[in-house]
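> Below is the sequence, then the predicted model.
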Amino acid sequence: MADPRTTTNDGAARAADSSGVHAVVGAGGATGRRLVAHLRAAGYRVRAVTRDGRDVGTPGVETAAADATDGAALAAACRDAAAVYHCVMPVLARWTSEFPVVTDALVDAAARVGARLVYADDTWMYGRVDGPMTEDTPWRPVAAKGVLRAWIAERVLSAGAAGRLPVGVVRAGELYGPGVRSVVAGNVFRAALRGWPVQWLGDPDLPLTPTFIDDFAATLAAVGTGDAPAAAVWHVPHPGVTTGRALAAEACRQAGTRLRLVRHGSRRVRALGSVVPLAREGAELVYQFEQPFVVDGSRAAGAFGLRATPYEEGVRRTLAASSAPGR
């Protein structure tokens, strides 16, 4: 495959044209919603694409309904697009059956309308590491879902390298923030607000760079609207390195509760997985929290002038959303 940092083609100029629409597919999820809001606030014409064409909460945004597995329907929903954003996240148990189909349909739809495809990815393809993960870190997945994510990213990047369309792959670490469902988000913030013990999977004292959801959205938008190569990987910038214990302590400090942290290793999670399906699906990924989980986003920060949200602010905004009425 061609070097993703240097590949260019004529489609890149059109994809960066701000006069076209920016179509966010999977706009009903946490990442998609924040991306829609970010793009609209920056003055872009935005179309939120969901299965049912729902309102995703940002005024002045177009909506469209499309099944993400239907390339023809997606092409119609993404007509006139300068950039198409792949924020579709199938249910974890259906990743194997749905993720490849959705991704191929989005590549096809974006290619049909002449748009750049920007894919919201994670870092599971890197596998076991002992230092910061960069865009040049070798792909050595150790879990089935990491292999799947590597294969999907390769399909996207190969389409760009072959000249079918310009593409950008944006990788985040463990997500947290308003509306996010993740290991960290689910175990830290609600517990902090209610004074419950924080359940931490893995080692809470290892280096960690959790990704605030708005920083993920800002990086996706920068790749979709900026001057980027036709097939490139970018990591989301972070404010620095913290730990799980420090993040939980900050959440408890702001919530006015006392930190009580209970550590769970992969062996205990696997045992729980024998009776709880969700734990069984996620147990193979606990290894990420038993090694340094540091994502180096300095390349994107320098290329696009991005500023990461400080953890103190990210925690404050997450707690505020978690304590809002109806939550």
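Done, it's in. Numbering: from 1, shown residues only.

> Please count neighbours and contacts with C-alpha atoms only from this point.
OK.

> Buried residues, stretch 71-89. List them.
71-75, 77-89 (16 or more other C-alpha atoms under 10 Å).

> so of the residues you listed, which ones are in strands?
81-86 (DSSP state E).

> can you map out the helices along the stretch 151-300 of the chain?
183-194, 213-225, 244-255, 266-273, 277-282, 298-304 (DSSP state H, counting those that start in this stretch).

> For Leu157, which non-adjacent residue is closest in space?
Ala231 (5.6 Å; C-alpha to C-alpha, 6 or more residues apart in numbering).

> hang on, the earlier thing: got the ones in strands among the buried residues of stretch 71-89 as JSON lines, with distance to Thr103 and pLDDT columns?
Converted to JSON lines, those look like this (distance: C-alpha to C-alpha, whole Å; pLDDT from 0 to 100):
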{"residue": "Ala81", "distance to Thr103": "17", "pLDDT": "98"}
{"residue": "Ala82", "distance to Thr103": "18", "pLDDT": "97"}
{"residue": "Ala83", "distance to Thr103": "15", "pLDDT": "98"}
{"residue": "Val84", "distance to Thr103": "12", "pLDDT": "98"}
{"residue": "Tyr85", "distance to Thr103": "11", "pLDDT": "98"}
{"residue": "His86", "distance to Thr103": "8", "pLDDT": "98"}
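
> Looking at those residues, which one is closest to Gly26?
Lowest distance from Gly26 to those (C-alpha to C-alpha) belongs to His86, with 6.9 Å.

> Name the nearest residue to that closest one, sequence neighbours excluded.
Tyr119 (4.7 Å).

> any residues touching stretch 54-68, and which ones?
Stretch 54-68 is touched from outside by 25, 27-28, 33, 36-37, 40, 45-53, 73-74, 77, 88, 102, 105-106, with contacts defined as C-alpha atoms under 8 Å, 6 or more residues apart in numbering.

> just the angle between the helix or strand hosting the residue nearest to His86 and helix 213-225, please?
Per DSSP states H and E: Tyr119 is located in strand 116-121. Angle of strand 116-121 versus helix 213-225, following axes from the mean of the first three to the mean of the last three C-alpha atoms, to 10 degrees, is 160 degrees.
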